[in-house]
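>>> 3D, please:
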Amino acid sequence: MAAVILVLFAAITANADDKPIYVYAAASTKQVIDDLSLQFNRDTGYKIQPVYAGTSVLARQISQGAPADIFVSANLAWMDYLSDAKLINDQKRFNLANNRLVLVQKTTSQPPSELTPDQLSKFLARRSLTSALVDAVPAGMYAKAALQHLNAWEQAKTRLVQTDNVRAALQLVVLGEVELGLVYASDLYDADPARVRLLMTLPSDSHPRIVYPVTSISRSTHPGTSKFLAYLRSDDANATLAKYLFLPVES
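Numbering: from 1, shown residues only. Model prediction:
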């Protein structure tokens, strides 16, 4: 009888370990989270199942009961939204990385001989532009703040094509459907230089600091959740983040 109980216990434990850790992560982190997930699986045996979308979509899904274990947000506001709803572990929360906002152009368009922040309003006046949703998705919210700060919002808004997430905005430029895009610097990691070029890094003081907070979801019971959070703070994880053009967290 004791042997049967041990076998059943072992089977239950194995099934629990086979269950993946669900990581709900901002679309802009797809490449790096994919890589980090593979490394973590190799080192620990735990499986990661990433779920990618715009931060606002993920936060709302979590608030509605989605089976997330970990949330990687592209801004502080949506993490605070879940914190206010008592859905995350605030004591385990930390900032994973920073990023930069950049203006990109389809490579088939003629680049300007010179482009400064003061010239941005005039440059955008006759050109199509894309960004993530400016009232919900962090990348779009940063883009709108930067354009307003640089007195270019009025010129840009009538031609602005908004997308569900920043990776979709970049894809519109890559496909040549829109001439310009406001995206993250990290989005250019694997972008084809024959299709898209970097025109300008927006001044850091033109928009709120781009920061990626991460923590576990309160209802998560997966034994690997805390281990993956600890791994994300490791030197190996920081090196991988840098590889994908994310910036180290500012103090």
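>>> Residue 205 - that's part of a helix, no?
Yes - according to DSSP: H, G, I helix; E, B strand; the rest coil, residue 205 belongs to a helix.
>>> Apart from its chain neighbours, what residue comes closest to it?
Once flanking residues are discounted, residue 205 sits nearest to residue 149: 7.7 Å by CB to CB, 6 or more residues apart in numbering. The C-beta positions use only the backbone N, C-alpha and C, and glycine is treated the same way.
>>> Per-residue pLDDT of the one you found, please?
Per-residue pLDDT puts residue 149 at 97.
>>> That one contacts residue 208, correct?
No - between residue 149 and residue 208 there is no contact under CB atoms under 8 Å: 10.3 Å.
>>> Quote the end-to-end distance of stretch 127-138.
Counting by CA to CA, to the nearest Å, you get 23 Å between the two ends of stretch 127-138.
>>> got the contact list for that stretch?
By CB atoms under 8 Å, 6 or more residues apart in numbering, the list of residues contacting stretch 127-138 from outside reads 26, 54-56, 73-75, 77-78, 139-141, 143-144, 156, 159-166, 168-169, 172-173, 178-183, 210.
>>> Looking at those, which are in helices?
In helices, judged by DSSP state H, the following of these are found: 55-56, 77-78, 139-141, 143-144, 156, 166, 168-169, 172-173.
>>> Pull the most distant pair out of the residues you listed.
Pairwise distances across the ones in helices among the contacts of stretch 127-138 peak at 25.9 Å for 77 and 173 (criterion: CB to CB).
>>> how about the strands in the stretch 51-200 of the chain?
70-72, 94-98, 101-106, 129-132, 160-163, 180-184, 196-201 (DSSP state E, counting those that start in this stretch).
>>> quick one: average pLDDT of the second one?
Regarding strand 94-98, the rounded mean pLDDT is 97.
>>> One more: the first one?
Over the span of strand 70-72, the pLDDT mean works out to 98.
>>> How far does that strand sit from its chain's centre?
A distance of 10 Å separates the centroid of the chain from that of strand 70-72, by CA atoms, centre = their mean, to the nearest Å.
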